[in-house]
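Trainee: one predicted model, sequence on top.
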Amino acid sequence: MASATVAGLLAFGAAVPAQADDISTPQTGNTYSHKTTALPAAGGGVGAFLTGGDNVHFSHTVAKTVNAHGWWKRLSGPATKAKVTVKLQVESGSGWKTLTTDVKTVYSGGGSGKRAAAAWKCTNLIQKKSFRSVIDVDLVGYPDDDNKKITDTQSLYCGA
């Protein structure tokens, strides 16, 4: 009886699409895998991917500007492109306020041609503020969920 239960659990685990997590930054989620009858039978789901993003930082090319980047990396599944949304946010008295948003449809990977990039020009370099970014990846042609990656909070001298 016990060996039949273990075999059943192993078979169930093999049928569930793999997911991977990047635990280097706090997040509400960064992968998803849905099953639906509209998907190709061979795939059984959209597969798995990692949502990536760097911490908000000063631009290396534009003075007095902070940047946030977001990208995705395909681990498995048929999707080749995703709509990546990155929101650059500042902490205010009532919570987090989105300063700017960038949306790009890109191939997997990251790097300058495969990411979304939100930039904000600082009003001054005296006032210290807390910044973060929120990254959402939506695979093109596949169902989406509400999971988003939230990067670590950065304290920067950038009045917003």
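Mentor: Everything's here; your move.

Trainee: please count neighbours and contacts with C-alpha atoms only from this point.
Mentor: OK.

Trainee: work out which residue lies at the spatial centre of the chain.
Mentor: residue 51 (3.5 Å; CA atoms, centre = their mean).

Trainee: can you map out the helices along the chain?
Mentor: 2-15 (DSSP state H).

Trainee: quick one: residue 90 from residue 70, how far?
Mentor: Counting by CA to CA, to the nearest Å, the separation of residue 90 from residue 70 is 17 Å.

Trainee: not counting its neighbours along the chain, what's nearest the residue nearest to the centre of the chain?
Mentor: residue 72 (4.6 Å; CA to CA, 6 or more residues apart in numbering).

Trainee: which residues touch the one you found?
Mentor: 49-52, 82, 84, 108-110, 115, 137 (CA atoms under 8 Å, 6 or more residues apart in numbering).

Trainee: ok, now with 10 Å
Mentor: Counting by CA atoms under 10 Å, 6 or more residues apart in numbering, residue 72 touches 30-31, 49-53, 81-84, 106-110, 114-116, 135-139.

Trainee: could you list which of these belong to strands?
Mentor: Members of the contacts of residue 72 lying in strands (criterion: DSSP state E): 49-53, 81-84, 106-107, 116, 135-139.

Trainee: on that earlier part again, and the contacts of residue 72, which of them are buried?
Mentor: Neighbour-count burial (16 or more other CA atoms under 10 Å) is assigned, among the contacts of residue 72, to 30-31, 49-53, 81-84, 106-108, 110, 114-116, 135-139.

Trainee: which strand residues bridge residue 106?
Mentor: Using DSSP bridges, the bridge partners assigned to residue 106 are residue 82.

Trainee: hmm, residue 156 and residue 55 touching each other?
Mentor: No. Applying CA atoms under 10 Å as the test, residue 55 and residue 156 come out as separate, 11.2 Å apart.

Trainee: anything in contact with each of those two?
Mentor: Common neighbours of residue 55 and residue 156 (CA under 10 Å, 6+ apart) are residue 131.

Trainee: circling back to that earlier point, could you check how far the residue nearest to the centre of the chain is from residue 107?
Mentor: For residue 51, the distance to residue 107 equals 13 Å [CA to CA].

Trainee: just residue 152 next, same as before
Mentor: Counting by CA to CA, the separation of residue 152 from residue 107 is 25 Å.

Trainee: just residue 156 next, same as before
Mentor: 31 Å.

Trainee: got it, and residue 158?
Mentor: To residue 107, residue 158 is 32 Å away according to CA to CA.

Trainee: under the pLDDT cut-off, which ranges of the protein? List them.
Mentor: When residues are selected by pLDDT under 70, those of the chain lie in 1-45.
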